[in-house]
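Asks: Predicted model follows, preceded by the sequence.
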Amino acid sequence: MKRRTIHTILLAALLATLAPAAPYDAKLFAEMRWRMVGPLRGGRTRACAGVASQPNIFYIGAVNGGVWKTNDYGRTWNPIFDDQPT
């Protein structure tokens, strides 16, 4: 990569971090609440997907292999593809 390109990227990154954040209306997010999404386990998550037409269903692929599914908004998880690597 050319030196000029690297300097341009670094300058853009610096300016992006120094730029003030755009104001937003806090009421837009007032009803949102934090919740746990994912199996309660020590592994890391590789990928996560939900079903738009069924907001209670999520799938998670674990780094060490296996795919987990929940149909109760993440309260309980069941392995559905546990023997395959990711």
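Replies: That came through, no problem. Just so it is clear, the model here is predicted, and its values are computed rather than measured.
Asks: switch to C-alpha atoms for all contacts and neighbour counts from now on
Replies: Fine.
Asks: tell me the centre residue of the chain?
Replies: Geometric centre of the chain, nearest residue: Cys48, 6.8 Å, by CA atoms, centre = their mean.
Asks: For that one, which non-adjacent residue is closest in space?
Replies: Distance criterion CA to CA, 6 or more residues apart in numbering; nearest residue to Cys48, sequence neighbours excluded, is Ile60 at 4.5 Å.
Asks: Test for you: state the pLDDT assigned to the one you found.
Replies: With respect to pLDDT, Ile60 scores 87.
Asks: Report pLDDT for the residue nearest to the centre of the chain.
Replies: 88.
Asks: That one: which element?
Replies: Using DSSP states H and E, Cys48 sits in strand 45-51.
Asks: Starting from that strand, tell me which strands it pairs with and how they run.
Replies: Partner strands and pairing direction for strand 45-51 (DSSP bridges) are strand 54-62 (antiparallel).
Asks: Check what contacts the helix or strand that the strand it pairs with is followed by and list those residues.
Replies: Note on strand 54-62: by DSSP H and E, the next helix or strand toward the C-terminus is strand 67-70. Strand 67-70 has contacts (CA atoms under 8 Å, 6 or more residues apart in numbering) with 39, 56-62, 76-82.
Asks: Which two among these are spaced furthest apart?
Replies: The span of the contacts of strand 67-70, defined through CA to CA, is set by Asn56 and Asp82 at 21.0 Å.
Asks: pLDDT value on Leu18, please?
Replies: 74.
Asks: how close does it sit to Ala12?
Replies: 10 Å (CA to CA, to the nearest Å).
Asks: which one of those two has more residues nearby?
Replies: Ranked by neighbour count (other CA atoms under 10 Å), Leu18 and Ala12 place Ala12 first, with 12 against 9.
Asks: What helix or strand is the more buried one located in?
Replies: Counting by DSSP H and E, the element that carries Ala12 is helix 3-18.
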